[in-house]
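K.L.:
sequence and computational prediction follow.
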Amino acid sequence: MISNSIALFERAQKSIPGGVNSPVRAFRSVGGTPIFIKNAKGAYLFDEDGNKYLDYINSWGPMILGHAYDPIIDAIKERAGFSTSFGAPTLLEIEMAELIKSMAPNIDLVRMVSSGTEACMSALRLARGYTGRNKFIKFEGCYHGHADAFLVKAGSGVATQNIQTIPGVTAGVSNDTLTAPYNDLEAVKHLVSEHKNTIAAIIIEPIAGNMGCILPEPGFIEGIRQICDAEGILLIFDEVMTGFRLAAGGAQQKLNINADLVTYGKVIGAGLPVGAFGGKKEIMQHIAPLGNVYQAGTLSGNPIAMIAGFTLLNILKQNPDIYVQLEEKTKYLQVGMEKVLHKHSVPFSINRFGSMISLHFSNKSVKNFSDAAACDIALFNKFFHAMLHAGIYLPPSGYETWFISNALTYGNLDYTINAIDAFFEKENK
Ligand code: KE4
């Protein structure tokens with residue numbers, strides 16, 4: 001029973017475009033009414049009708065330890081009493097920057113912003129300012145936020161809504177955005193030779209999470225690193241999703257590849273609006289006020305957001321075993337799902353890297369956006385609603401990664417696996 005969510009969605013649409021403040025929340029591709037959440041604790045969400053759900057979105061990544069984690073809530077409550085913003089430098093921002101540098105490799109200087117979009121758009125502007133070049137390469141199905149330049153063949157909500165060209169993004173902007181299929185190094189080499197000495201950056205999700213989870217093929221990222229070194233192109237790792245989730249050092253650590261610039265979001269703010277971009281001093285020193293690549297933000301380094309992110313990152317740094325637990329739980333979920341899906345002869349492929357996982361209804365492996373787009377989206381939508389009805393809240397799109405929190409117990413995972421088993425038991429009757 002979701003009558004309150006239905007009524008609230010009606011009411012929301014009178015004042016908010018589509019009734020939501022971000023398109024992916026609108027259930028447009030899976031259909032039905034988005035669930036209005038009242039509160040959450042640990043692994044559970046509670047909606048406005050009193051229903052309880054196991055959360056596999058976790059605010060699209062930030063809630064890596066589960067919802068309303070006491071030390072984070074306590075830190076926010078205490079800091080709020082000091083005022084919510086100053087617009088002036090604070091000790092906490094230094095401590096946050098130093099903490100990030102102590103966890104993530106290859107970061108000499110880091111600038112805080114208020115979203116992943118801001119982080120990615122600022123990193124691109126810096127790469128352009130540093131190299132004096134205009135073009136850049138992104139990959140089909142990767143999503144780097146909603147800044148104009150990135151809304152070409154983007155993943156996440158753009159793919160979910162199947163928007164081919166975005167009104168308002170001018171040809172002048174999109175002409176400088178070059179795209180290649182993920183995992184296609186030859187396509188990258190071709191673009192680089194076609195646009196010699198005009199490409200400022202190659203930006204990539206080192207493990208892609210916005211067309212479902214898609215892993216880099218062996219040699220793919222290494223090959224891009226070599227191309228960038230040879231051509232004076234900056235390599236930007238968009239770690240908004242992978243940063244501080246895959247490991248303290250994120251994908252740079254797990255893949256053992258250094259990017260020139262790295263962007264962060266999600267986990268870094270523990271659910272509050274935080275993003276960041278950072279890299280070697282030689283590049284970052286071009287950012288204002290040191291250099292002339294202008295970038296700014298009224299609420300950048302906001303003390304409440306900082307204390308939330310600082311508290312969470314410290315817990316992750318001091319308890320590295322959390323990453324082992326997350327990986328083991330996600331592997332357990334993968335093995336359990338594979339068992340029941342094979343039992344019911346369902347065509348599927350599961351992609352997983354650490355605690356990023358996605359289930360694709362396809363009889364072939366999913367290695368790029370066109371593979372992801374060829375999956376049985378109709379079956380996914382039916383599956384999504386069956387899981388929701390069973391009290392399991394998955395991302396409402398086949399183009400998203402499931403986000404595991406360490407608050408999920410093995411009992412929760414077994415419940416999820418059993419619900420999948422029951423769905424296909426019924427489906428195959
Ligand atoms: P935000 O501006 O939404 O904080 O971050 C943009 C962004 C940048 N880079 C990557 C790799 C991302 O995954 C994102 C945002 N991710 C989506 C979910 N896949 C945000 C959900 C939404 O749009 O509401």
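P.N.:
Received it, and whenever you're ready, just let me know what you need.

K.L.:
which residues are in contact with the residue most central in space within the chain?
P.N.:
By Cα atoms, centre = their mean, the chain has its centre lying nearest to residue 241, at 3.2 Å. Contacts for residue 241 were tallied using Cβ atoms under 8 Å, 6 or more residues apart in numbering; they are 60, 61, 205, 207, 209, 210, 265, 266, 356, 401. Quick note: C-beta positions are derived from backbone N, CA and C, even for glycine.

K.L.:
ranking these by neighbours, who comes first?
P.N.:
residue 209 (32 neighbours; other Cβ atoms under 10 Å).

K.L.:
tell me who's in contact with the residue in the stretch 1-150 of the chain that the ligand sits nearest to.
P.N.:
Nearest residue of the stretch 1-150 of the chain to the ligand (Cβ to the nearest ligand atom) works out as residue 116 at 2.4 Å. The contact partners of residue 116, by Cβ under 8 Å, 6+ apart, come to 144, 145, 238, 240, 263, 264, 265, 266, 275.

K.L.:
okay, and which of those residues map to strands?
P.N.:
By the criterion of DSSP state E, membership of those in strands covers 238, 263, 264, 275.

K.L.:
the second one pairs with what?
P.N.:
Residue 263 has these beta-bridge partners by DSSP bridges: residue 238, residue 277.

K.L.:
count the neighbours of it for me.
P.N.:
Counted with other Cβ under 10 Å, residues neighbouring residue 263 total 31.

K.L.:
and the third one, by the same measure?
P.N.:
When counting by other Cβ under 10 Å, one arrives at 31 neighbours for residue 264.

K.L.:
ok, it touching residue 277?
P.N.:
Yes - contact criterion Cβ atoms under 8 Å: residue 264 and residue 277 qualify, at 7.3 Å.

K.L.:
overlap of the contact sets of the two?
P.N.:
Residues touching both residue 264 and residue 277 (Cβ under 8 Å, 6+ apart) are residue 119.

K.L.:
please list the residues of this protein that sit near the ligand.
P.N.:
By Cβ under 6 Å from any ligand atom, the residues of the chain that approach the ligand are 22, 24, 60, 115-117, 120, 143-145, 156-157, 205, 209-210, 238, 240-241, 265, 400.

K.L.:
any buried residues in the lowest-mean-pLDDT helix or strand in the chain, and which?
P.N.:
Lowest by mean pLDDT, DSSP states H and E among the helices and strands of the chain is helix 156-160, with a mean of 87. Neighbour-count burial for helix 156-160 flags 156, 157, 158, 159, 160 (criterion: 16 or more other Cβ atoms under 10 Å).

K.L.:
please apply the same query to stretch 374-385.
P.N.:
In stretch 374-385, counting by 16+ other Cβ under 10 Å, buried: 375, 376, 377, 379, 380, 381, 382, 383, 384, 385.

K.L.:
hmm, who's touching that stretch?
P.N.:
By Cβ under 8 Å, 6+ apart, the residues outside stretch 374-385 that reach it are 29-32, 212, 347, 360-362, 364, 366, 394, 396, 398, 420, 423, 427.

K.L.:
return the members of these classed as buried.
P.N.:
Applying 16+ other Cβ under 10 Å to the contacts of stretch 374-385 flags 29-30, 32, 212, 360-362, 366, 394, 396, 398, 420, 423 as buried.

K.L.:
I'm done for today, thanks for sticking with me.
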